[in-house]
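K.L.:
Generate coordinates for the sequence data below:
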Amino acid sequence: MELGKDFMRALKQIESDKGLPMDVIISSIEAALVSAYKKYKGANTNVEVELDSENGIIKIFEIKEVVDTVKNPTYEISLEEARSLGFDVDRGETVKIEVSPRDFGRIAAQTARQVIIQRLKDAERQIIYNDFSGKVGETVTGVVFRDEGGQVLVRMGDKIDAILPREERIPTEHYRPGDRKKFYVLDVRKTSKGPHIFLSRSHPGLLRNLLEIEVPEIKEGVIEIKSIAREAGIRSKVAVTTLDPNVDPVGACIGTKGNRIKAISDELAGERIDVIIWSSDPITYIKNALSPAKIVKVEPRLDEDKAVNVYVRPDQLSLAIGKGGQNVRLAAKLTGWKVDIHVLEPDRLPTLQDLFEDIIKGELPKEWEKKE
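P.N.:
Predicted coordinates:
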């Protein structure tokens, strides 16, 4: 029996185009033909299949044990018959008898084609998995093409579909078919139906990657992102620093006339992004994190680890807390400290400790300033 040279040439073309090794294809076809032959002849048949990769010729061998008296001809052969077929064997040994069953050629060809189709699907799925499993944590561009019960389906490239779960969406954003957006590759999982690629629009990593794209100084390592706190689509805070005294990390991230940060904000459905200076001093860092509010004093709490009381003047209270507590909540998340906001009463006189700290910092409260 033979599949034909044209069929084998087609296999070699598949090997070249799809990167599917020929030995894998051949062994898969042989295994499938063994299964098909057992269905054709009987499950107890002991069979081997050899496929010549050059000319497509298939050889089928039934493996039989040499015995004195045959009780089951399916897998036994008499010593006399084995020797008559030219085998130099003794009883207890096995022989491989080539067979050419009628009508099996059509079954063999059909089985081989089915194996090729399945192997191609498996290979393409593996290629997609290998490609995207290496992209977890990266940002990719995709086109929205369907919304299925809250899960947005996104197409990336040719016939590669990914899932944007409801909880990974930007709450304020609409997803319409044809919309082109950037997505964070959250996870890639193997399933019986192929790899499932999960995306995110709300992950802080998306903001980090967008900053690296828009701000060359970050990608070059001149500016370092220390921390990100994000409420997707509404507001984020980013703490940055630099070892180069000639570089303003905040200014570089914002860009000329705010063009860099605006491009990122536009990509994230108008999300407001505060860029602040990171500091190794927790007190300074917390003050910066509460920007744009002006902070009078930050006092560590002795009764609780990594917790501070922050004092502001009455006119700065709403700014420090933010709408719905957003500013203080993001500042706490950014710094890793618990932050409680308190109003500094107008009639409160500075203490000696206040005065001492202000002198060290080179500034005095307005109440102590000399009037001309």
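K.L.:
Ranking helices and strands of this protein by mean pLDDT, which lands last?
P.N.:
Of all the helices and strands that make up the chain, helix 352-361 has the lowest average by mean pLDDT, DSSP states H and E, namely a mean of 63.
K.L.:
helices or strands next to the lengthiest helix in the chain in the packing?
P.N.:
In the chain, with assignment by DSSP state H, the single longest helix is helix 104-133. Identification of packing neighbours for helix 104-133 by 3 or more C-beta pairs under 8 Å, 6 or more residues apart in numbering; DSSP states H and E yields helix 5-18, helix 22-41, strand 180-189. (Each C-beta comes from the backbone N, C-alpha and C, glycine too.)
K.L.:
Check which helices and strands the following helix or strand past that helix sits against.
P.N.:
Sequence-wise, the next helix or strand beyond helix 104-133 is strand 139-148, with elements assigned using DSSP states H and E. For strand 139-148, the elements it packs on are strand 151-155, strand 180-189, helix 204-214, judged by 3+ C-beta pairs under 8 Å, 6+ apart.
K.L.:
Distance from the first one to the middle of the chain?
P.N.:
Translated: strand 151-155. Strand 151-155 has its average C-alpha position 15 Å from the chain's average C-alpha position, going by C-alpha atoms, centre = their mean, to the nearest Å.
K.L.:
So for the very next helix or strand once past that strand, mean pLDDT?
P.N.:
Reading on from strand 151-155 to the C-terminus, the next helix or strand found by DSSP H and E is strand 161-164. When pLDDT is averaged over strand 161-164, the result is 93.
K.L.:
Name the residues that touch strand 161-164?
P.N.:
142, 151-156, 175, 183, 196-201 (C-beta atoms under 8 Å, 6 or more residues apart in numbering).
K.L.:
Please put the alpha-carbon coordinates of that strand into CSV.
P.N.:
What follows is strand 161-164 as a C-alpha-only set of coordinates in CSV (Å, rounded to 0.1, in the frame of the first residue of the first chain):
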residue,chain,number,x,y,z
ASP,A,161,-8.1,35.3,20.0
ALA,A,162,-7.7,36.4,23.6
ILE,A,163,-10.0,37.1,26.5
LEU,A,164,-10.5,40.3,28.5
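K.L.:
Report the secondary structure state of K294.
P.N.:
Assigned by DSSP: H, G, I helix; E, B strand; the rest coil, the conformation of K294 is coil.
K.L.:
Which residue, neighbours along the chain excluded, lies closest to it?
P.N.:
Q316 (5.3 Å; C-beta to C-beta, 6 or more residues apart in numbering).
K.L.:
Check K38 too.
P.N.:
T45 (5.4 Å).
K.L.:
Now the one you found, what are its backbone angles?
P.N.:
Geometry field for T45 lists phi and psi as phi -70, psi 130, criterion degrees, to the nearest 10.
K.L.:
returning to what we had before: and the residue nearest to K294, how far is that from L344?
P.N.:
9 Å (C-beta to C-beta, to the nearest Å).
K.L.:
for D122, same thing?
P.N.:
Here D122 is placed at a distance of 68 Å from L344 (C-beta to C-beta).
K.L.:
which stretches of the stretch 251-372 of the chain form helices?
P.N.:
With DSSP state H, counting those that start in this stretch as the criterion, the stretch 251-372 of the chain has helices at 259-267, 282-289, 317-321, 326-335, 352-361.
K.L.:
Confidence-wise, which of those helices is weakest overall?
P.N.:
What stands lowest among these, in mean pLDDT terms, is helix 352-361, with a mean of 63.
K.L.:
Tell me which residues of stretch 175-189 come out buried.
P.N.:
Of the residues in stretch 175-189, those scored as buried under the neighbour-count criterion (16 or more other C-beta atoms under 10 Å) are 175, 181-186, 188.
K.L.:
CA-only coordinates of it in PDB, if you can.
P.N.:
Extracted C-alpha coordinates of stretch 175-189, given in PDB (Å, rounded to 0.1, in the frame of the first residue of the first chain):
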ATOM      1  CA  TYR A 175     -15.500  48.100  24.300                       C
ATOM      2  CA  ARG A 176     -16.900  48.300  20.800                       C
ATOM      3  CA  PRO A 177     -16.200  45.900  17.900                       C
ATOM      4  CA  GLY A 178     -13.300  47.300  15.800                       C
ATOM      5  CA  ASP A 179     -11.800  49.300  18.700                       C
ATOM      6  CA  ARG A 180      -8.000  49.000  18.700                       C
ATOM      7  CA  LYS A 181      -6.400  49.100  22.100                       C
ATOM      8  CA  LYS A 182      -3.300  48.100  24.100                       C
ATOM      9  CA  PHE A 183      -3.600  45.200  26.500                       C
ATOM     10  CA  TYR A 184      -1.400  43.700  29.300                       C
ATOM     11  CA  VAL A 185      -0.800  39.900  28.800                       C
ATOM     12  CA  LEU A 186      -2.000  38.600  32.100                       C
ATOM     13  CA  ASP A 187      -1.800  34.800  31.700                       C
ATOM     14  CA  VAL A 188      -1.600  32.000  29.100                       C
ATOM     15  CA  ARG A 189      -3.200  28.600  29.900                       C
END
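K.L.:
that older thread, tell me what angle the longest helix of the chain forms with helix 22-41.
P.N.:
Computed by axes from the mean of the first three to the mean of the last three C-alpha atoms, to 10 degrees, the angle separating helix 104-133 from helix 22-41 equals 140 degrees.
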